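Asker: Got a predicted model here, sequence first, then my questions.
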Amino acid sequence: MVAGKLASRLGNEMEKLLVLELASENEKIMTLPNKAEGPEAIPLVSTGVRGLDEVLNGGLTANRIYLVEGSPGSGKTTLALQFLLYGAQRGQKALYITLSETRAELKAIAASHGWSLDHLEIHELVSEDGLDPEAEQSVLHPSEVELGETVNDVMSKVRSLEPDRVVFDSLSEMRLLSQNALKYRRQVLALKQFFVNKGCTVLLLDDKTSEPGDLQLHSICHGVISLDQVLQEYGSERRRLRIAKMRGIDFRRGTHDFDLNRGGITVYPRLIAAEHHRKFSNNAASTGVAELDALLGGGLVPGTNTLLIGPSGVGKTTTTTRCVLSALERGQKAVYFLFDETLATMLARSTALGMRLEPHIESGLLTVQQIDPAEMSPGQFSNRIRVAVEQHGVSVIVIDILNAYLQSMPGQRYLLLQMHELLSYLNQQGVTTLIALGQHGLIGNVESDIDLSYLSDSIILFRFFEAAGKVLSAISVLKSRTSAHERTVREFQVGVNGIQVGAPLTDFDGVLTGLPKYSGDVPLLDPQVRTE
């Protein structure tokens, strides 16, 4: 029952993190100052899409025409509606010109997000009257008449309404009416000139039905926002956004993950560690176990990351829990990202080992987020970490276990790049990061899915070994960039008193291989009631 309440509380905390992170976007004023200097600098306008303005370094240049392209279902209509609604809520006139969606369909889409389109002007270019067979004629080719009528209708509506923001949905229908590339290009150029002269900021929607490699629209428009969906073998598809072109704006390049859920689109800008740095104290803090502090050369240093590596069940999670608990007892805030274990199991196991986390969860010092890597994109995960660090003052981050996070990435190469940027960011923010990495095998030949040793500031290695007819555990520190760490191998034990680290195993050879040779009388730890 307690675990259920805590799970509910933590779920709410996760939502609060995202809401707080996005609040600043919603509070932006409609017109933002352009970074360009001089009296003729054109102001920027907010897109109204959470996170997109950060990618654009402020927003879109006003009175320009932009292309939003993507396959059907990628989120073009939702992005366009957010763009218009944001302006309408701030007193601007917003016009949605549609060739492909009916008024009823647009209202249904808006209702699915909890929006009302009462303050938008919706203009349907194809009505029931236009579908009447008696309205057809045979003197001219139907496409020529329809194209001319369509363009004139658009211009007439814009002249009468004088909108500030316009969405044209979609160009694929105009492409079909134009019949050939030359006429199509001329019509788009005419619309572009007309909209710019009328002082409109325009989004043109296109579903990529043109010939492969056709970049006419890219050359005509001032900017291009490309939406994409990447299907995976398992789990939900990954949605990505890329600014293919943007005149006059120093935008954030590369691909950016985004979500399309109830409430609209949320973009997660790609993390660039070099943009984030702050001063912090680098005094080592205790792990809560004196012998482990000795192994590490004094403890865990802020602004560093520690990789805990070993086979399943050896004690990695318990060790990270002990380190986090010590930080909580010092009054530090921590976030524990749990990938492969349920919250109830983690709390029950920690309590059985004498490490109660519930009081710290209730006090707000500790937040445990259970992550489903099949449903969360890497960009969203990085964004959650940023919110925790920058808005909530979290100084300890745990990722348990990295193997599950690996599954959310399209390939090992991308995981290394992602982790390099993420760990660099956390180090520059003075955060103490603990990462658990599971290995295949138990005794003897043990392997890892991925090698993160070069990215790690410290490495704690765990191993099972056989001695006197028992399976025991050993711990050692292989690397530390910040201190002269101890190079011994010690016995490690998990029991009712938490974790214990014994004396150096000086009379054992080959402990890390799992099959040591004993040549002395080194006293081992007293047996405890084991829980793992």
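Answerer: Sure, I can see it. Residues are numbered from 1 along each chain as shown.
Asker: can we go C-alpha only for contacts and neighbour counts from here?
Answerer: Noted.
Asker: residue contacts, residue 441?
Answerer: 311, 447 (C-alpha atoms under 8 Å, 6 or more residues apart in numbering).
Asker: again, but for residue 117
Answerer: By C-alpha under 8 Å, 6+ apart, residue 117 lies in contact with 85, 107, 110.
Asker: in a strand, that's where it is, yeah?
Answerer: No. Residue 117 is assigned coil when assessed by DSSP: H, G, I helix; E, B strand; the rest coil, not a strand.
Asker: all helices for the stretch 151-300 of the chain, in order.
Answerer: Using DSSP state H, counting those that start in this stretch, the helices of the stretch 151-300 of the chain run over 171-178, 181-197, 216-220, 290-296.
Asker: Those: lowest mean pLDDT?
Answerer: Among the helices of the stretch 151-300 of the chain, helix 171-178 carries the lowest mean pLDDT, at a mean of 80.
Asker: circling back: let me know which of the helices of the stretch 151-300 of the chain is the nearest to residue 508.
Answerer: For the helices of the stretch 151-300 of the chain, proximity to residue 508 was assessed by C-alpha to C-alpha; helix 290-296 is nearest, at 17.7 Å.
Asker: Centre of the chain to the closest one, how far?
Answerer: 35 Å (C-alpha atoms, centre = their mean, to the nearest Å).
Asker: who does it touch, helix- and strand-wise?
Answerer: strand 470-480, strand 498-504 (3 or more C-alpha pairs under 8 Å, 6 or more residues apart in numbering; DSSP states H and E).
Asker: could you give the angle of the next helix or strand after it to strand 470-480?
Answerer: Per DSSP states H and E, the first helix or strand lying C-terminal to helix 290-296 is strand 305-311. Interaxial angle of strand 305-311 relative to strand 470-480 (axes from the mean of the first three to the mean of the last three C-alpha atoms, to 10 degrees): 150 degrees.
Asker: tell me the mean pLDDT over strand 305-311?
Answerer: Regarding strand 305-311, the rounded mean pLDDT is 94.
Asker: ok, and for the next helix-or-strand element following that strand, which residues are buried?
Answerer: Sequence order places helix 316-329 as the next helix or strand after strand 305-311, per DSSP H and E. Within helix 316-329, the residues scored as buried using 16 or more other C-alpha atoms under 10 Å are 316-328.
Asker: what comes into contact with helix 316-329?
Answerer: Residues from elsewhere that reach helix 316-329 (C-alpha under 8 Å, 6+ apart): 286-288, 308-310, 333-334, 350, 355, 357, 360, 365-366, 396, 398, 400, 434, 436, 462, 494, 498-499.
Asker: Can you pick out the most distant pair from the buried residues of helix 316-329?
Answerer: Farthest-apart pair in the buried residues of helix 316-329 is 316 and 328; separation 18.5 Å (C-alpha to C-alpha).
Asker: and the helices of the stretch 151-300 of the chain, which is most packed in?
Answerer: With neighbours defined by mean count of other C-alpha atoms under 10 Å, none of the helices of the stretch 151-300 of the chain is more surrounded on average than helix 290-296, at a mean of 20.
Asker: circling back: could the helices of the stretch 151-300 of the chain go into CSV alongside distance to residue 278?
Answerer: Output for those, formatted as CSV (distance: least, C-alpha to C-alpha, whole Å):
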stretch, distance to residue 278
helix 171-178, 47
helix 181-197, 43
helix 216-220, 40
helix 290-296, 25
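Asker: so which of those helices comes closest to residue 258?
Answerer: Short answer: helix 216-220, nearest of the helices of the stretch 151-300 of the chain by C-alpha to C-alpha, at 22.2 Å.
Asker: and residue 314, how many neighbours?
Answerer: 23 (other C-alpha atoms under 10 Å).
Asker: Can you list which of the contacts of helix 316-329 are found in strands?
Answerer: Using DSSP state E, 308-310, 334, 366, 396, 398, 400, 434, 436, 462, 494, 498-499 are the members of the contacts of helix 316-329 that sit in strands.
Asker: Give the phi and psi angles for the spatially most central residue of the chain, as a check.
Answerer: Geometric centre of the chain, nearest residue: residue 380, 1.7 Å, by C-alpha atoms, centre = their mean. Per-residue torsions, residue 380: phi -70, psi -40 (degrees, to the nearest 10).
Asker: Next, the contact list for it, please.
Answerer: If you count contacts by C-alpha under 8 Å, 6+ apart, residue 380 has them with 257, 258, 268.
Asker: One more pass at 10 Å, please.
Answerer: Residue 380 sits next to 18, 256, 257, 258, 259, 266, 267, 268, 269, 270, 386 when contact means C-alpha atoms under 10 Å, 6 or more residues apart in numbering.
Asker: Which member of these is positioned nearest residue 302?
Answerer: Among the contacts of residue 380, and counting by C-alpha to C-alpha, the member closest to residue 302 is residue 386, at 16.5 Å.
Asker: Count the residues that sit near that closest one.
Answerer: Neighbourhood size, residue 386 [other C-alpha under 10 Å]: 20.
Asker: likewise residue 517?
Answerer: 13.
Asker: buried stuff in the host helix or strand of residue 345?
Answerer: If you go by DSSP H and E, residue 345 is part of helix 343-352. Under the neighbour-count criterion of 16+ other C-alpha under 10 Å, helix 343-352 has 343, 346, 347, 349, 350 buried.
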